[in-house]
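A.B. asks: got a predicted structure plus its sequence, pasted below:
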Amino acid sequence: MQRVYDFLRRHPTGVDTFWAVVLFGFSVLWVVTTYPSVEAPGAYAAVAALFGVVVALRRRMPERMLLLAVVLGVAQLAFGLMPFFADFAMLVIIYTVAAHDGPRWASRLALAGGLSSATLAQLRWPADGPGSGLAHVFFTVIMTVPFVLAWVLGDSLRTRRAYFAQLEERASRLEKEREAQAKVAVAAERARIARELHDVVAHNVSVMVVQADGAAYVLDSSPEQAKQALETISGTGRQALAEMRRLLGVLRTGEHREAGEYVPQPDVQQIEDLVEQVRQAGLTVDFRIEGSPRPLPSGVELTAYRIVQEALTNTRKHGGPEAGASVRLVYFDDGLGLLVEDDGRGATHEMYEDGGADGRGHGLIGMRERVGMVGGTLDAGPRPGGGFRISALLPLKPAH
C-alpha cells in the first residue's frame, strides 16, 4: 500500500488526468440522462472536455487553469448552457488555487468567483414554481457554501504548510547555529589546551635541559652539584607529568580517574615555588609582593602563574648566561598587577610580534590570549637599557 501511495505522490499529473477523464465521462452521462432533449450536446461535451483540462493541469499551472475556468463559467452564462456535472471542476480549481503558494490575486479571484457563481446561476436560470424570494436567497446561500468551504480548506492547508516550512527552516537554522557554536567551543578548547601544553612543556623541559647541561659540565669535577641537578631534573619531570595528567583528566571526563592522579591548577601562591625552582636552575630572580594578598578568581590566579612561568622561561632561553630577572606582584583594590623584567640581551623584535616572521612567539601569543580571556591588558617588549619587560594588569571582575 505504501508503494502505491508513493507512486501516486510521484505522479500527481497522472492522478489528476485520471480524475479528469472520470469527470468528462460522468459529465457526458449526466447530459445524456438529465438533458435528453438538449439542442447542442457538442457544446456540453466541449465544455466538459475543457473542464477536464482544468482538473488535469490544476497543479502544474493553477493560475492559468483558474482563468480558463472563469472563461468557461462566463461562456456557460452567455450561451445558456445549463449547470451540469463538469462544473464540479470549479470547486477543485478554487481549492487548488487557495492551497497553492502563488500570487494572492489568484486566491482572491477564486474566492470572488465562488461567492458569485451561485448568485449568477440563480439570476440566469431562476427556479421554476411558486416560492418566495427568501426561499430563493436561502437556496443561493446553500449553493454558495461548497465553494466557500473549498476555498477555506485550501487556504488553511496553505497556511499550515507555510507554518511547518517555517518551523523546519527555524529548526535547520538552530541546528546550524548549534554546529557553529560547537565548532567555536572546540576551537577555544583546543587553543586552551595548546596554551596549557606550551606552558607546561616549555617551562619544565627548558629547566630540565639547563640542569642536564649543568650536570654534564660538572659531572667529573663536582659530583654533588651534578647529583643536585639530576634531582632537580627528576622533580621537574614529575611536576610536568602531574600537570600533563591534569590536562588529560580534562579530556577524559567520561573515564574512571584514580584518586590522587591529578594535581590542582596552579595559583598565585605557587609563584614563589616557581621562582625557587628557577633559582635552583641557575637563574637569579628577585621576587616581591606588594599590597595585601587575598584570594582571587581561579582564572586570574592561573593566568598570573602562567604569565610568570612563561616570562621566566623566555628569560632562560633568550636572556643569556648572565641574565637576572625580577618578579613583582602588586595587589590593587580592583585587580592584580604583574611586572616581570630581566637584564639580559632580550628577544629579537620578531619574537614578541604576533607569531613573528619565523612562526615563533607562541608563548607571548598565549599570554595575550589568557589576559584577554579575563579582561586584562598586557604589554611586552624590550626594556629601556636592555633586557625584556612583561607587564600585565588582571582585573578581579571580567570585562563585559
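C.D. replies: Sure, I can see it. For clarity, every value in this text was computed on a predicted model and none was experimentally measured. Numbers count the residues shown, from 1 in each chain.

A.B. asks: in space, what's closest to R328 - neighbours in sequence excluded?
C.D. replies: L339 (4.3 Å; CB to CB, 6 or more residues apart in numbering). Quick note: C-beta positions are derived from backbone N, CA and C, even for glycine.

A.B. asks: what's around the residue nearest to T34 when sequence neighbours are not counted, how many residues?
C.D. replies: Counting by CB to CB, 6+ apart, T34 lies nearest to F84, which is 6.9 Å off, once chain neighbours are set aside. By the criterion of other CB atoms under 10 Å, F84 has 20 neighbours.

A.B. asks: so how far is Y44 from V54?
C.D. replies: From V54 across to Y44, the span is 15 Å (CB to CB, to the nearest Å).

A.B. asks: so these two - more neighbours on which side?
C.D. replies: Neighbour comparison, V54 and Y44: the larger count goes to V54, with 26 against 22 (by other CB under 10 Å).

A.B. asks: contacts made by the helix or strand containing the more buried one with the rest, please.
C.D. replies: Per DSSP states H and E: V54 is located in helix 41-56. Identification of contacts with helix 41-56 by CB atoms under 8 Å, 6 or more residues apart in numbering yields 13, 16-17, 19-21, 23-24, 27-28, 31-32, 35, 38, 65, 68-69, 72, 75-76, 79, 81, 84-87, 89, 92-93.

A.B. asks: so after that helix, what's the next helix or strand?
C.D. replies: Helix 41-56 is succeeded, C-terminally, by helix 62-79 (DSSP H and E).

A.B. asks: angle of that following helix against helix 41-56?
C.D. replies: When axes from the mean of the first three to the mean of the last three CA atoms, to 10 degrees is applied, the directions of helix 62-79 and helix 41-56 differ by 160 degrees.

A.B. asks: the helix or strand following helix 62-79 - contacts with which helices or strands?
C.D. replies: Toward the C-terminus, helix 62-79 is succeeded by helix 88-99 as the next helix or strand (DSSP H and E). Judged by 3 or more CB pairs under 8 Å, 6 or more residues apart in numbering; DSSP states H and E, helix 88-99 is in contact with helix 41-56, helix 62-79, helix 104-124, helix 133-218.

A.B. asks: what comes up buried for helix 88-99?
C.D. replies: Using 16 or more other CB atoms under 10 Å as the burial criterion, the residues of helix 88-99 that qualify are 89-99.

A.B. asks: out of the helices and strands packed on helix 88-99, deepest packed?
C.D. replies: helix 41-56 (a mean of 19; mean count of other CB atoms under 10 Å).

A.B. asks: pLDDT on that one, on average?
C.D. replies: Across helix 41-56, the average pLDDT comes to 91.

A.B. asks: same check, this time on stretch 77-88
C.D. replies: Mean predicted confidence for stretch 77-88 is 88.

A.B. asks: residues making contact with it?
C.D. replies: Under CB under 8 Å, 6+ apart, the answer for stretch 77-88 is 23-24, 26-27, 29-31, 34-35, 38, 40, 43-44, 47-48, 51-52, 73, 75-76, 120-121, 124-125.

A.B. asks: now stretch 294-311
C.D. replies: Under CB under 8 Å, 6+ apart, the answer for stretch 294-311 is 195, 199, 202-203, 265-268, 270-271, 274-275, 325, 327, 329, 331, 336, 338, 340, 363-364, 366-367, 370-371, 373-374, 376, 378, 390, 392, 394-396, 398.

A.B. asks: so how far is that stretch from its chain's centroid?
C.D. replies: 33 Å (CA atoms, centre = their mean, to the nearest Å).

A.B. asks: now that stretch: buried residues?
C.D. replies: Neighbour count says stretch 294-311 has 296, 300-311 buried, by 16+ other CB under 10 Å.

A.B. asks: centre of the chain to stretch 265-280, how far?
C.D. replies: For stretch 265-280, the distance to the chain centre is 42 Å (CA atoms, centre = their mean).

A.B. asks: contacts for it, please.
C.D. replies: 207, 228, 232, 236, 246, 285, 287, 293, 296, 298, 301-302, 304-306, 308-309, 312, 316, 325, 327, 329, 336.

A.B. asks: show me those that map onto helices.
C.D. replies: 207, 228, 232, 236, 246, 298, 301-302, 304-306, 308-309, 312, 316 (DSSP state H).

A.B. asks: pLDDT check: weakest of the residues you listed?
C.D. replies: R246 (67).

A.B. asks: which non-adjacent residue is nearest T232?
C.D. replies: Nearest one to T232, counting by CB to CB, 6+ apart, is Q211 at 4.8 Å.

A.B. asks: what about the one you found, distance to M61?
C.D. replies: The gap separating Q211 from M61 is 86 Å, by CB to CB.

A.B. asks: same check, this time on T96
C.D. replies: 10 Å.

A.B. asks: now do the shared contacts for these two.
C.D. replies: In contact with both T96 and M61: no residue, using CB under 8 Å, 6+ apart.

A.B. asks: next, the contact list for the residue nearest to R383 when sequence neighbours are not counted, please.
C.D. replies: Excluding the flanking residues, the one nearest R383 by CB to CB, 6+ apart is R389, at 4.1 Å. Counting by CB under 8 Å, 6+ apart, R389 makes contact with 339-341, 379-383.

A.B. asks: top of those by neighbour count?
C.D. replies: Going by other CB under 10 Å, V340 tops the contacts of R389 with 24 neighbours.

A.B. asks: mind listing what's buried in the least confident helix or strand in the chain by mean pLDDT?
C.D. replies: Every helix and strand of the chain was ranked by mean pLDDT, DSSP states H and E. The lowest is helix 223-251, at a mean of 73. Buried residues in helix 223-251, defined by neighbour count with 16+ other CB under 10 Å: 226, 228-229, 232-233, 235-236, 239-240, 243-244, 246.
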